[in-house]
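1. here is the input, now give the coordinates:
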Amino acid sequence: MKILLIGAAAGLLAFGAAAQEGASPTGDVVILETKLQGVFGGIRDGQLIDAKTASISLGSNKSFLRYGPLDKTGTKYSIESTDSPELPCEEFFGYRSRSEAGTGIAFGANLNWNPVPRKVVAISTKSPVYRDIVRKYLRTKGITRPVVKIKESYRTDLEGDGRDEVVILAENYSDFGPAARKGEYSFLMVRKIVGKSVRNILITGDFYKEAIEFGAPNRLEISGILDLDGDGILEIVVYGQYYEGVWAEAYRLEAAKPKVVLQTGCGV
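-> Numbers count the residues shown, from 1 in each chain. As a prediction, the model looks like this:
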């Protein structure tokens, strides 16, 4: 418990330092998706705002803190310049970074809450228990002889109710592109106690019972499991790509159902 408290205190000190370096005159907290190198959204008066609205404050925000799925206090992240939206991505507000590119979510000046109020723990992708869970789940989606490949798995209390959920990202592509072979898939799900039973809740995903020659299979990655707006509930941020584009979405569980609360992307 002491370690968690010390980590939280260190994070709050870092928040203050970031705010002093370049506070937004509007008070907005700009949120970036750093693998996309785009504005993801933001916070205004405690409420989430979309990327277009948040981008207005980006020019006065140069210093950020970036969090990945397992980061507790964030690392410094800075931007150099902003880009104007262009066809065919009129709603994508990009930027150029002074920092190394990589997976994560970055929060700008005025951040005054801890984006990681509860610990996120990685689970082995080789766990026999979760491999069996994924195998059985894939069969419910019509993939009768699944090749089980878990890419990422985490345990955390998403809602702050004292009960942990398990977040699982599984994917099997032999050659990622516009085609997919029979039995391939990419999906994100949450294992959650609902009432007196455990449910598998699909967040997003593709399942191919039969081969396709031309489509738009998605490849997924977890950018962060974070409290994006300071309400104490953790959102799951997913980075996705397909053969002609990239995107990101933040999901929150409401009544055991996923809800998209932020999104951005660029593609055709």
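2. next, the residue nearest to G142 when sequence neighbours are not counted: phi, psi?
-> Spatial nearest neighbour of G142, excluding adjacent residues (CB to CB, 6 or more residues apart in numbering): K209 at 3.9 Å. (Glycine included, C-beta is placed from N, CA and C.) Recorded main-chain torsions at K209 are phi -70, psi -30, according to degrees, to the nearest 10.
3. which parts of the stretch 51-200 of the chain are strands?
-> Assigned strands in the stretch 51-200 of the chain, in chain order: 63-67, 75-82, 95-97, 105-107, 121-122, 150-156, 165-172, 185-194, 197-207 (criterion: DSSP state E, counting those that start in this stretch).
4. and the longest one, which residues are buried?
-> Along strand 197-207, these residues count as buried under the neighbour rule (16 or more other CB atoms under 10 Å): 201, 203-207.
5. does the spatially most central residue of the chain count as helix, strand or coil?
-> For the chain, the residue nearest the mean C-alpha position is V237 (1.5 Å; CA atoms, centre = their mean). With DSSP: H, G, I helix; E, B strand; the rest coil as the basis, V237 sits in strand.
6. what is it paired to in the beta sheet?
-> G224, A250 (DSSP bridges).
7. related to what we said a few turns ago, so the residue nearest to G142 touches K182, yeah?
-> Yes - with contact taken as CB atoms under 8 Å, K209 and K182 are classed as touching, separated by 7.0 Å.
8. and the closest residue to K257 other than its chain neighbours, what are its bridge partners?
-> Excluding the flanking residues, the one nearest K257 by CB to CB, 6+ apart is I201, at 7.3 Å. In this entry, I201 is beta-bridged to V190, by DSSP bridges.
9. next one: G94
-> Assessed by DSSP bridges, G94 has beta-bridge partners G38.
10. excluding sequence neighbours, find me the nearest residue to A211.
-> In space, and not counting its chain neighbours, A211 is closest to K182: 4.6 Å by CB to CB, 6+ apart.
11. next, count neighbours for the one you found.
-> When counting by other CB atoms under 10 Å, one arrives at 12 neighbours for K182.
12. repeat that for L253.
-> Counted with other CB under 10 Å, residues neighbouring L253 total 19.
13. give me the element it is part of.
-> strand 245-254 (DSSP states H and E).
14. what packs against that strand?
-> Counting contacts by 3 or more CB pairs under 8 Å, 6 or more residues apart in numbering; DSSP states H and E, strand 245-254 is packed against strand 38-44, strand 197-207, strand 235-242, strand 257-267.
15. any chance of those strands in a markdown table, with mean pLDDT too?
-> Below are the helices and strands packed on strand 245-254 laid out as a markdown table (pLDDT from 0 to 100):
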| stretch | mean pLDDT |
| --- | --- |
| strand 38-44 | 96 |
| strand 197-207 | 97 |
| strand 235-242 | 96 |
| strand 257-267 | 95 |
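16. can you tell me which of those comes nearest to P217?
-> Closest approach to P217 among the helices and strands packed on strand 245-254 is made by strand 197-207 (5.5 Å; CB to CB).
17. quick one: the closest one to chain centroid distance?
-> Remark: strand 197-207 is offset 16 Å from the chain centroid, using CA atoms, centre = their mean, to the nearest Å.
18. swap in stretch 252-268?
-> For stretch 252-268, the separation from the chain centroid amounts to 10 Å (computed by CA atoms, centre = their mean).
19. flag the shaky bits of this structure, pLDDT-wise.
-> Applying pLDDT under 70 to the chain flags the ranges 1-26.
20. care to break it down by domain?
-> What automatic domain parsing lists as the domains of the chain is 2-107, 121-267.
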